[in-house]
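Colleague: give me a model of this one.
(one chain, ligands or ions: 1)
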Amino acid sequence: MPDNMRALEPSPETMREMARLAAERVVEHIRSLPEQPSLDIDGAHTLARSAVEDPPESGAAFEDLLDLVFDRLTPTSFTNPGPGFMAYIPGGGLYESAIADFIANGINRYVTVWTAAPGLVQLEVNVVRWFCRMVGYPAAASGFLSSGGSLSNFSALFTARRERLPENFLNGAIYASDQVHHSVTRAAALAGFPESAVRTVPVDGRFRIRIDKLERRIRDDRQAGSEPFLLVGSAGTTNTGAIDDLDALADVAQRENLWLHLDGAYGGFFALTERGRERMSGIERADSITLDPHKGLFLPYGTGCLLVRDGTALKRAHTVRADYMPPMQNSDELVDFCEISPELSRDFRGLRVWLPIKIHGLAAFRRLLDEKLDLAEWAHERLREIPGIEIVAAPQLSLVAFRLAPAGFGLEEANRINRDLLARINGRKRVFLTETVLDGRFVLRICVLNFRTHLDRMEMCLEDIRVSAAEAVDAGGPKEHELESRSASEPA
Ligand SMILES: Cc1ncc(COP(=O)(O)O)c(C=O)c1O
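Modeller: Alright, predicted model coming up:
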């Protein structure tokens, strides 16, 4: 065989050398994360344009390509794996998972059907079972690892539709608070519902769904001829980390015969901690739960999870047979992922979750999640000491929302000052915070979830907020004596 026919099969020595070179770059990148700016997107357009290229007809040196990725392209980015990232919902990126992906892609087995790799499929099933146990699901529960929370929410909504509505489902109504993640709205559209099918219900002072309003809306809708079938609760909203009253939601779902889905993409893994489990009391009563290991278990992006209390529902919703497929398992224990999820071919996500849990044990994750609850509480207490800061949402998990509340200023001016405050904080590049809008108010959020974020970084965060708040006030905001510290119970 001519040598150029072997070009895509490097020699064992070359493979070892490539792995060594890549590992050196990755390890150095991870080592230097605390020194990297929390975000650096200056020159973003120029960089993106300079990266446009035609497909090459011949090859380039691996080391030159590593230089391009690590030295030129990666630095212009949000440093989301770094300790200063407290924006949106942080993740992290465990090194053990990177190694697991290397192994998974190296062995490249087909885990979508049980017969193709029964032992490896079992590892992934084990992981799902551990999560089922964490939320208090029975043995009949089932689930799968998805690409992320959005896909999990979609599959849950689709399963609920198949279980609770007739073939002609357009009359179906879905209930969620006005704080629910937008992936639920998109999931409804993907599952074929008109936009109006999602009924948003107002929240209370702690951003939790109003049960009285929910019940009234369901009653009104039934009277008007709609078919209520799905209730979506939040176990940690993206805006403020609010946890709906899950027991109350389960009661409503039971009374009204609705499928109850809980979006725990952000908050779900706090169920590993005692405090989290208490705050999510009732979670085990949900028909389905979205979890996001790439958030609360600190995994690299690309790993979500959907759990369903009655595993047979997942199978009924997703199973489609084809003659060219291998035989499927007619068993409660042996799982063919293609029969319970929307994907056919896919990556071996299980190893990415299994390996770090096996290496460290769940206790290590529990400790770090507990630390995040403490850090958010610590930040909350310190924020209250800063003149002019209003706490908009005290932590229910690891997220605190706040703003400068200038007395005597209109909404627009106050929002302008808070926008300025956020830009000043982020401009210091030690932490990266993001905003949201609540009742028209521009609000800053600290969301601490990265396993690399500890007290030292939170101290930097509070220092930067304190200094930036004083600057924002000096630069055009109100005078210090006009600012008053307010608590969440005294909304502006
Ligand atoms: C509460 C909640 N649900 C769903 C999602 C969507 O998850 P993903 O980005 O993994 O698709 C997010 C993402 O931040 C979230 O915070």
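
Colleague: hmm, residue 434 is touching residue 87, no?
Modeller: Yes. Residue 434 is within contact range of residue 87, at 4.0 Å (criterion: CB atoms under 8 Å). Where C-beta positions appear, they are placed from N, C-alpha and C, glycine not excepted.

Colleague: hmm, residue 142 is touching residue 308, no?
Modeller: Yes. Residue 142 is in contact with residue 308 according to CB under 8 Å; the separation is 5.8 Å.

Colleague: what about those two, which has more around it?
Modeller: Using other CB atoms under 10 Å as the criterion, residue 142 and residue 308 rank with residue 308 on top: 29 against 23.

Colleague: show me what the more buried one bridges to in the sheet.
Modeller: residue 142, residue 288 (DSSP bridges).

Colleague: packing partners of the helix or strand that residue 457 is a member of?
Modeller: Assignment of secondary structure by DSSP states H and E places residue 457 within helix 455-474. Judged by 3 or more CB pairs under 8 Å, 6 or more residues apart in numbering; DSSP states H and E, helix 455-474 is in contact with helix 362-385, strand 399-404, helix 411-427.

Colleague: so where's this structure uncertain?
Modeller: Residues of the chain meeting the criterion pLDDT under 70: 1-2, 476-492.

Colleague: quick one, strands of it?
Modeller: 39-40, 77-78, 142-146, 172-177, 198-201, 227-234, 259-264, 288-291, 304-308, 389-393, 399-404, 434-438, 441-447 (DSSP state E).

Colleague: residues contacting the last one, please?
Modeller: Pointing back at strand 441-447 there. 86-90, 239-241, 376, 379, 392-393, 398-403, 411, 414-415, 418-419, 421-422, 425, 433-437, 461, 492 (CB atoms under 8 Å, 6 or more residues apart in numbering).

Colleague: so which of these reach the ligand?
Modeller: By CB under 6 Å from any ligand atom, the members of the contacts of strand 441-447 lying near the ligand are residue 89.

Colleague: just give the closest residue to residue 103, not the sequence neighbours.
Modeller: residue 351 (6.3 Å; CB to CB, 6 or more residues apart in numbering).

Colleague: please name the bridge partners of the residue in the stretch 301-450 of the chain positioned nearest to the ligand.
Modeller: Relative to the ligand, the nearest point of the stretch 301-450 of the chain is residue 304 (5.1 Å; CB to the nearest ligand atom). Beta-bridge partners of residue 304, counted by DSSP bridges, are residue 146.

Colleague: residue 231: neighbouring residues, count only.
Modeller: 28.

Colleague: on that earlier part again, of the contacts of strand 441-447, buried ones?
Modeller: Taking 16 or more other CB atoms under 10 Å as the criterion, what is buried in the contacts of strand 441-447 is 86-90, 239-241, 376, 379, 392-393, 398-403, 414-415, 418, 421-422, 425, 433-436, 461.

Colleague: can you list the residues of this protein near the ligand?
Modeller: So far as CB under 6 Å from any ligand atom goes, the chain lies against the ligand at 89, 148-150, 153, 181, 183, 238, 263, 265-266, 292, 304.

Colleague: distance to residue 160 added to the residues you listed, as a markdown table?
Modeller: As requested, these are exported to a markdown table (distance: CB to CB, whole Å):
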| residue | distance to residue 160 |
| --- | --- |
| 89 | 24 |
| 148 | 19 |
| 149 | 16 |
| 150 | 16 |
| 153 | 11 |
| 181 | 16 |
| 183 | 15 |
| 238 | 21 |
| 263 | 13 |
| 265 | 17 |
| 266 | 21 |
| 292 | 19 |
| 304 | 17 |
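
Colleague: mind listing which of those residues are in helices?
Modeller: Among the residues of the chain next to the ligand, the residues falling in helices (DSSP state H) are 149, 150, 153, 183.

Colleague: quick one: which of those residues has the most company?
Modeller: residue 153 (29 neighbours).

Colleague: for it, give its distance to residue 324.
Modeller: Look at residue 153 and residue 324: by CB to CB, to the nearest Å, they are 31 Å apart.
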